[in-house]
Structures are given as C-alpha cells and as structure tokens.
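Enquirer: Build me a model:
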Amino acid sequence: CAKQQEPAGATLTVTAIAVKVVGAALRVFPKFNSSIDLAAGEIISKKYVNIGVAVDTDRGLLVPVVRNADTKNIIQLAIELSQLSEKARNRKISLDEMQGGCFSVSNLGGMGGTYFTPIANAPEVAILGISRARMEPVYDKSTNAFGPRLMLPLSLSYDHRVIDGADGIRFLRWVVEALEQPFLLALQG
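Expert: Numbers count the residues shown, from 1 in each chain. Model prediction:
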C-alpha cells in the first residue's frame, strides 16, 4: 500500500482513513449528513457527502472541505487532504474550498492528548475528533490475560436538535467497527 501511494504524492494518514470511513458512515446514518437552517426553522438533508477537515495554521484553525468524500478511495483522499492542508497553511486556500461541508473531522493526534471535545462547525450537526493512538493493555476474555492493543480515542459531538445519544453511539460504533474491520466498509459502505 505504501508503494502505491508514493508515486501519486500521497501520505497515508489516519485522517484520510477516517474521512473515508466517515464518508461511508454518513450514507448509513443520513441524520448525520444534514444541517440546520435556523432562518427557515428546518433540517436540511444532504444528498452529497462533503467532509471538512480541521487544519491548524499560524492564523488559527481552518476547515477545508473534501467534496464527494464518499466516492473517493483512500489514496485520492490522502492526496486531496495534503493539497488542501498545504494551501491552508500557505494562505492560498479560497473561501469556496472551505464552504459546503456536511460533517467535520478534527485530528489532534499529532499534538498528543487523550480526548477532547470537538465543537460542530455550524450549520453542520456533528464532528468526529481523533486523538493520539497508543498501545494500552486490554483484557482478553479468551486468554484471561491482558495484552497490548493499539487504541485510538475518538470523540463524537453532535447537535441534539437532530441527533440523540442512541444515534450518536450507533454512528460511533459503526465507525469503530469499520476501522477495526475494514472489510465491513466494503460490505456496508
């Protein structure tokens, strides 16, 4: 996989994988692919999947949008994320490239920390936060012992006017299962 991405100019990242998984999850859980129009007092369901990705810049946080993220493979997403992030950091990103998101992903894993509370980018109704992965001892019932397991802390924030807690945990469980069992993505996503 690493050899395939190098010629295309991509670096495979957790963020690219998460965008792919979230793109599929938004098709399975359409409530998360909506926005609130306060002026009209209505919820707007999106037919497209555009995912904003938070980028830390010297001017603060910018959120470029990957359009039609659900239709792209991970290598395409990695290339596009790299290009958008570079444009954001170099102050060359356009306003159009930061509008039209349906859902956002914020990865603070590179900075450390365990968990954080991401805030949904209005009028979007949800955001997924990713913290730093690390090896932790996890109990295995089959062996009756603890063993090392790579753990990736995820935080999901959502607007309760559209999404309730049960839907939130179903969405997050689906994302976790797709990350743990990538074949699920091919079957369901």
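Enquirer: contacts, neighbours, all on C-alpha from now
Expert: Noted.
Enquirer: C-alpha coordinates for the helix or strand Asp167 falls within, PDB please?
Expert: Element membership of Asp167, judged by DSSP states H and E, is helix 165-180. Only the C-alpha atoms of helix 165-180 are listed here, as PDB (Å, rounded to 0.1, in the frame of the first residue of the first chain):
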ATOM      1  CA  GLY A 165     -27.400   9.900  22.200                       C
ATOM      2  CA  ALA A 166     -28.500   6.500  20.900                       C
ATOM      3  CA  ASP A 167     -28.000   7.500  17.300                       C
ATOM      4  CA  GLY A 168     -24.700   9.000  18.300                       C
ATOM      5  CA  ILE A 169     -23.300   5.800  19.800                       C
ATOM      6  CA  ARG A 170     -24.700   3.700  16.900                       C
ATOM      7  CA  PHE A 171     -22.800   6.000  14.500                       C
ATOM      8  CA  LEU A 172     -19.600   5.900  16.500                       C
ATOM      9  CA  ARG A 173     -19.800   2.100  16.900                       C
ATOM     10  CA  TRP A 174     -20.200   1.700  13.200                       C
ATOM     11  CA  VAL A 175     -17.100   4.000  12.600                       C
ATOM     12  CA  VAL A 176     -15.100   1.900  15.200                       C
ATOM     13  CA  GLU A 177     -16.100  -1.400  13.600                       C
ATOM     14  CA  ALA A 178     -15.200  -0.100  10.100                       C
ATOM     15  CA  LEU A 179     -11.700   1.000  11.400                       C
ATOM     16  CA  GLU A 180     -11.300  -2.400  13.200                       C
END
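Enquirer: what about that helix, distance to the chain center?
Expert: Computed by Cα atoms, centre = their mean, to the nearest Å, the chain-centroid distance of helix 165-180 equals 12 Å.
Enquirer: quick one: average confidence on that helix?
Expert: The average pLDDT for helix 165-180 rounds to 96.
Enquirer: Can you spell out which helices and strands pack onto that helix?
Expert: When contacts are defined as 3 or more Cα pairs under 8 Å, 6 or more residues apart in numbering; DSSP states H and E, helix 165-180 packs onto helix 14-28, strand 154-158, helix 182-188.
Enquirer: Recalculate using a threshold of 6 Å.
Expert: Using 3 or more Cα pairs under 6 Å, 6 or more residues apart in numbering; DSSP states H and E as the contact test, no helix or strand touches helix 165-180.
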